[in-house]
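return a 3D structure for these sequence lines:
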Amino acid sequence: MIGGAVRSIGADVCHSGRVMRVWRRYGRRFETRSLHPNEVAALRSLEREGADEDRIATFLGGRWAAKEAVYKAVGGYRLLFPEIEVVAAAAAASDEVVRMPQPLVTLPLSGFGPRIKLHGASLAAAEAMGVKKVLLSLSHDASTIFAVAAALEAHGRS
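You can find the predicted model right below:
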């Protein structure tokens, strides 16, 4: 059971080529301002494995779209992208459920997709706004990536 009422929804459409161009131009600066350290490690792993440019663009674009959707769903201005972690479906499936407050663990909308973990000040901001969970769904079609996030509030909160 997911639990909690939907507080708000956020969505984003991202073109992975645009994110790839920004990453090529700003490199590590883009990574530190946009990615959680675990996501940077996953990116390095893709590079070591020799992933092609399309795979890296999809990885970066998916993270960007997901974070934008979460940012919009939770309420925005107090969330920092490096504190919003997208956990891949395979890793999420093997994770045990972690209870609040650290980190805020979410369930994928489909039951099998990626999850969102909020950290640090972003976690504190979400909790202060009454957000209990954030659900995420991602869809890719060629270079277009669509993300939708739903912020759920704790039971009994109005």
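
from here on, just use CA atoms for contacts and neighbour counts.
Will do.

the closest residue to Gly61 other than its chain neighbours: how many residues sit nearby?
Leaving aside its sequence neighbours, Gly61 sits nearest to Ser16 (C-alpha to C-alpha, 6 or more residues apart in numbering; 4.5 Å). A total of 25 residues lie near Ser16 under the criterion other C-alpha atoms under 10 Å.

I would like the residues contacting the helix or strand hosting Glu85, please.
For Glu85, the host element (DSSP states H and E) is strand 84-87. Residues from elsewhere that reach strand 84-87 (C-alpha atoms under 8 Å, 6 or more residues apart in numbering): 35-36, 38-39, 63, 66-67, 114-119, 122.

just stretch 26-33 next, same as before
Contacts of stretch 26-33 (C-alpha under 8 Å, 6+ apart): 22-23, 40, 81-82.

roughly how far does Ile56 sit from Leu135?
24 Å (C-alpha to C-alpha, to the nearest Å).

and if you look at Val70?
Counting by C-alpha to C-alpha, the gap from Val70 to Leu135 is 9 Å.

so for those two, which sits in the more crowded spot?
Neighbours per residue (other C-alpha under 10 Å) separate Val70 from Leu135, with Val70 holding more: 30 against 25.

out of the contacts of strand 84-87, who's the most crowded?
Ala66 (32 neighbours).

and the lengthiest helix in the chain, what does it pack onto?
If you go by DSSP state H, the chain has its longest helix at helix 53-74. Applying 3 or more C-alpha pairs under 8 Å, 6 or more residues apart in numbering; DSSP states H and E, one finds that helix 53-74 contacts strand 6-15, helix 16-26, helix 37-48, strand 84-87, strand 131-141, strand 144-153.

quick one: which of the ones you listed is nearest Val74?
Closest of those to Val74 is strand 144-153, at 5.8 Å (criterion: C-alpha to C-alpha).

any weak-confidence spans in the chain?
1-3, 76, 90-112, 155-158 (pLDDT under 70).

partner residues bridging the most centrally placed residue in the chain?
Nearest to the mean C-alpha position of the chain, by C-alpha atoms, centre = their mean, lies Val86 at 3.7 Å. Beta-bridge pairing of Val86 under DSSP bridges involves Ile116.
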